[in-house]
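1. what follows is a predicted structure for the sequence shown.
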Amino acid sequence: MGKIFCLMGKSASGKDTIYRQLLLAEELKLKKVVPYTTRPIREREKDGVQYYFVDEDRMRELEAEGRIIELRSYDTVHGIWYYFTVDDSQVDLKNNDYLIIGTPESYISFREYYGHDRVVPIYIELDDGVRLQRALNRENGQKEPKYEEMCRRFLADAADFSEEKLQAAGIDNRFPNDDLAVCIGNITDFIMSTGR
């Protein structure tokens, strides 16, 4: 039976870069699960790659069908954005291991859906000042930067990833991202050691 590795970290902690590198690591043979969102697509994103971009009506249809595994909402300066994962036949734990990006809340939902022994948390840590600068650099690269949303997300992460929430969820596999290559190497070694 396979495992689902749930990669978590505050915004601009490097988790997207780490996620891409871990998927490319041939020795890990990890598959991705593409989540869904109602937020607008960003520059350089493609539907079905980073997310399936859907409207709220489609989300409600999937919810009514009982196919949503986990659902999170964020009250942004642009309205409510939903992020969710759908039971849409992407996951085959009999034959594969998976890597997903999530939050403590989504990790708990995945764990409850697939089983405690199948979902493994991986938490990326990075200094808040470094994260804020990275987030600002990323927004500066957008055609229409959304600075208010960047600040809202940065502050919301303090609550979403509070020490209390991490401990309550049992998220104790932590990896500092002070050096990207070292961080990826440590996570790779950890995944290999889980007896997949």
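-> Arrived safely, thanks for sending.

2. gap between Gly9 and Ala181?
-> 17 Å (CB to CB, to the nearest Å). Glycine gets a C-beta too; all of them are placed from N, C-alpha and C.

3. between these two, point out the one with more neighbours.
-> Counted by other CB atoms under 10 Å, Gly9 and Ala181 do not tie: Gly9 has more neighbours, with 25 against 8.

4. got the contact list for that one?
-> The contact partners of Gly9, by CB atoms under 8 Å, 6 or more residues apart in numbering, come to Lys15, Tyr123, Ile124, Glu125, Leu126, Phe161, Asn177.

5. those strands in the protein, which residues are they?
-> Here the chain has its strands, by DSSP state E, at 4-9, 30-32, 36-37, 52-53, 68-76, 79-86, 97-102, 119-125, 174-176.

6. got the end-to-end distance for stretch 41-50?
-> Between the start and the finish of stretch 41-50 there is a gap of 9 Å, counting by CA to CA, to the nearest Å.

7. can you give me how far stretch 101-121 is from the chain middle?
-> 11 Å (CA atoms, centre = their mean, to the nearest Å).

8. pLDDT averaged over that stretch, what's the number?
-> Mean per-residue pLDDT for stretch 101-121: 94.

9. between the two ends of that stretch, how far is it?
-> 10 Å.

10. repeat that for stretch 64-73.
-> Span of stretch 64-73 from end to end, CA to CA: 17 Å.

11. quick one: residues in contact with it.
-> Against stretch 64-73 from outside (CB under 8 Å, 6+ apart): 59, 62-63, 80-88, 102-103, 105-106, 109-110, 113.

12. buried ones only from the residues you listed, please, as a PyMOL command.
-> Only the buried entries of the contacts of stretch 64-73 go into this PyMOL selection, using 16 or more other CB atoms under 10 Å:
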select buried, resi 59+62+81+82+83+84+85+86+102+103+106+109+110
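
13. how about the nearest residue to Gln21, chain neighbours excluded?
-> Ile184 (5.1 Å; CB to CB, 6 or more residues apart in numbering).

14. centre of the chain to stretch 39-56, how far?
-> 14 Å.
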